[in-house]
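Visitor: please find the sequence and the predicted model below.
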Amino acid sequence: MWSAVGGGTNGTVKVLLGTADGNMLVAGVFTQAGSLAATNVALWDGSAFSALGTGLTGMITCGAVLGTDIYLGGSGFGGNNNDLAHWDGTQWSYSSVFSGNSAQIFALHVHGGNLYAAGAT
């Protein structure tokens, strides 16, 4: 038997990640996590959800944690053709790993202290 974490979200969760501090990141397509207004991403600390800045717009397909930093892959981040979103604990930043008008990251993986991405242009 299972139950929704913190009341769940009002949309689809595509990514669940354990963070370095023992929390759980949920990301996908939603505007609410539990009773918290959250744009597509939120952090669960075991008792409540919290926001990561103003959230994240774009299509989220995958994620990875490197140290204390969170990376989400997909497309359309930051209102541009960015396919990588990076949360440093304070704010989001965006970059393009793959070039092209329809660049998208489909998988992220951490190995040997490096972040690797698989995707398409």
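Guide: Done, it's in. Numbering: from 1, shown residues only.

Visitor: only C-alpha atoms from now on, for both contacts and neighbour counts.
Guide: Fine.

Visitor: now do the same contact list for the residue positioned nearest the centre of the chain.
Guide: Among the residues of the chain, the one closest to the centroid is residue 72, at 4.2 Å (Cα atoms, centre = their mean). By Cα atoms under 8 Å, 6 or more residues apart in numbering, residue 72 lies in contact with 60, 61, 62, 63, 64, 84, 85, 86, 108.

Visitor: restricted to buried residues, select the residues you listed in ChimeraX.
Guide: This is how ChimeraX selects the buried members of the contacts of residue 72, with burial counted by 16 or more other Cα atoms under 10 Å:
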select :60,61,62,63,64,84,85,86,108
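
Visitor: low-confidence regions, this structure specifically.
Guide: Within the chain, the ranges that satisfy pLDDT under 70 run 1-3.

Visitor: columns secondary structure and distance to residue 19 on top of the contacts of residue 72, output as CSV?
Guide: What follows is those, written out as CSV (DSSP: H, G, I helix; E, B strand; the rest coil; distance: Cα to Cα, whole Å):
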residue, secondary structure, distance to residue 19
60, strand, 17
61, strand, 18
62, strand, 14
63, strand, 11
64, strand, 9
84, strand, 18
85, strand, 16
86, strand, 14
108, strand, 15
